[in-house]
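# Build me a model from this:
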Amino acid sequence: MSGDKKGPIRTCVLGVGLAGLTFHIPFVLALPELFTLQAVLERNPTSEGGKLKERFGVSVHIHRTLQDVLADPQIELVIVGTPNATHYSFAKAALEAGKHVLVDKPVTATAEQARELGALAKSKGLVIYPYQNRRFDSDFLALRALLREPSSSPQSLGDLVEFESHFDRYRLALKGTWKDEPTPANGQTYDLGSHLIDQALVLFGRPNFVSGFIENARNIGNPSVDDTFTILLRYNAGIVSPHAIFVVLRAHILSVRTQQLRYKVRGTKGTYIKYGLDVQEDQLRVLPEPKAIYNPDYGLESESIWATVENIQSDGSVVKTVRPSDAPGAYPDLFRNLAAVIRGGAEQAVKWEEAATVIQIIELAHQSSREGRTLEVPKA
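Residues are numbered from 1 along each chain as shown. Have a look, this model is predicted:
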């Protein structure tokens, strides 16, 4: 899907809230050889230059309506960083206007909508790319490397039997934003669940069964907006491992701990345990300038939260070693790949069909929770 145009990709970011100013605009500005920030969508700027100038001192054209964005012939790429309920309609409108699209997670409210957008992009020869940045977390990169090691490796976990992944928070009150509203694709399962499910699918592929336990644990706000979930994915024996694998994905809104559990992976030869979160989001929230992503400490985890691996030896003893997250987190790589796809027809590192499967699993988890039963995952 490469175009005839050359040079940096002229880009418009829809939304200058947390998503736009933290997860998208810094990389567009920090990669000027690949992207030019042509404009942003900000409906009601409260100052000259809007939030972008307030945050980074950069001035670009501010469009007030989506229609103005779509009518701008200079814009090649639209990044959708607006509230979840708008992702489908905004992405569809951008594709119909002939723009490439990067869509923040969750990409849509339903898998049917996601598949429709994928088909539309393909019919128009356009790129639609899901923003699954947590594939580029430093600890996830380290874990993927461990799971690829041969069984003869001293730190190999052997045949996998269980994978547990957490993204917990402590938040007693509502935030008072659109995320608290009962609109399509809202709730913790669509928000944090999109990350955890995507990582599980990257590691293990499509599961055989899904069980969901989804609730509003705080009993505040609209009861249909979930804040806590446990999702169980079952992989039959012989799919990924000689053993059946249970994948446990959890996010709890009332998790009080100084250092949260991130991963626990059990195998026949050992266990991998990781605490603490990837540092990139915290760094991006206080980024002094976009080029700070080139600082040596960007994406590097503290050794204090590196993982440990406990391996069973042939004599029954246990050897405990530190497993470093020594490769930095790499959110910029997603944008580099996006540019290579648009300009050079490269393969997408994050495929749209994979994002559609994430939404399908979320829908099945919600159905499972409502009906109180385990559901089989349809074959692709």
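# for the chain, longest helix please?
helix 352-371 (DSSP state H).
# Quick one: distance of the next helix or strand after it to the chain centre.
Toward the C-terminus, helix 352-371 is succeeded by strand 375-376 as the next helix or strand (DSSP states H and E). Using CA atoms, centre = their mean, to the nearest Å, the mean C-alpha position of strand 375-376 is found 24 Å from that of the whole chain.
# which outside residues touch strand 375-376?
Strand 375-376 is contacted from outside by 208-211, 364, 367-368, using CB atoms under 8 Å, 6 or more residues apart in numbering. From N, CA and C alone the C-beta is placed, and that goes for glycine too.
# what's the most distant pair in these?
Maximum pairwise distance among the contacts of strand 375-376 (CB to CB): 16.0 Å, between Asn208 and Gln367.
# Which residue ranges of the chain form helices?
Secondary structure of the chain, counting by DSSP H: helices at 18, 25-30, 50-56, 66-71, 87-96, 111-124, 138-147, 188-204, 280-285, 331-344, 352-371.
# Pull the distance from the last one to the chain's centre.
What it means is helix 352-371. 15 Å.
# So His366 sits against Gly212, correct?
Yes: using CB atoms under 8 Å, His366 makes contact with Gly212 at a distance of 6.2 Å.
# what is in contact with those two at once?
Common neighbours of His366 and Gly212, using CB under 8 Å, 6+ apart, are Thr189.
# So between the two, which is more surrounded?
Neighbour count, other CB atoms under 10 Å: between His366 and Gly212, Gly212 has more, with 28 against 20.
# That one and Leu95: what is the separation?
Gly212 sits 31 Å away from Leu95 when distances are taken as CB to CB, to the nearest Å.
# ok, now which ones touch the residue lying closest to Arg262 once chain neighbours are set aside?
Nearest residue to Arg262 in three dimensions, chain neighbours excluded: Lys274, at 4.6 Å (CB to CB, 6 or more residues apart in numbering). Shown in contact with Lys274 (CB under 8 Å, 6+ apart): 139, 143, 261-264, 305-308, 323, 325.
# ditto for Leu70
Going by CB under 8 Å, 6+ apart, the list of residues near Leu70 reads 93-94, 97, 99.
# got it, and Leu174?
With CB under 8 Å, 6+ apart, Leu174 has these contacts: 180, 220-221.
# for it, phi and psi?
Phi and psi for Leu174, reported as degrees, to the nearest 10, are phi -70, psi 160.
# For it, give its distance to Ala142.
Taking CB to CB, one finds Leu174 at 35 Å from Ala142.
# And for Ala346?
For Ala346 relative to Ala142 (CB to CB), the value is 25 Å.
# Among the two, which residue is more densely surrounded?
Ala142 (21 against 15).
# In this structure Tyr131 contacts Val101, no?
No: contact status for Tyr131 versus Val101: not in contact, 10.3 Å apart, counting by CB under 8 Å.
# list residues touching both of the two?
In contact with both Tyr131 and Val101: Ile79, using CB under 8 Å, 6+ apart.
# For those two, indicate the residue with more neighbours.
Val101 (27 against 23).
# That one is in contact with Leu77, isn't it?
Yes: using CB under 8 Å, Val101 is in contact with Leu77, at 7.3 Å.
# Could you state which residue of the protein sits nearest its centroid?
By CA atoms, centre = their mean, the mean C-alpha position of the chain lies nearest to Gln132, the distance being 3.1 Å.
# ok, now how distant is that one from Thr177?
From Gln132 to Thr177 the distance is 22 Å (CB to CB).
# which residue sits closest to Glu354 in space, ignoring its chain neighbours?
Glu354's closest residue in space is Leu201 (CB to CB, 6+ apart), at 6.3 Å.
# quick one: the one you found and Ala355 touch, right?
No: contact criterion CB under 8 Å: Leu201 and Ala355 do not qualify, at 9.7 Å.
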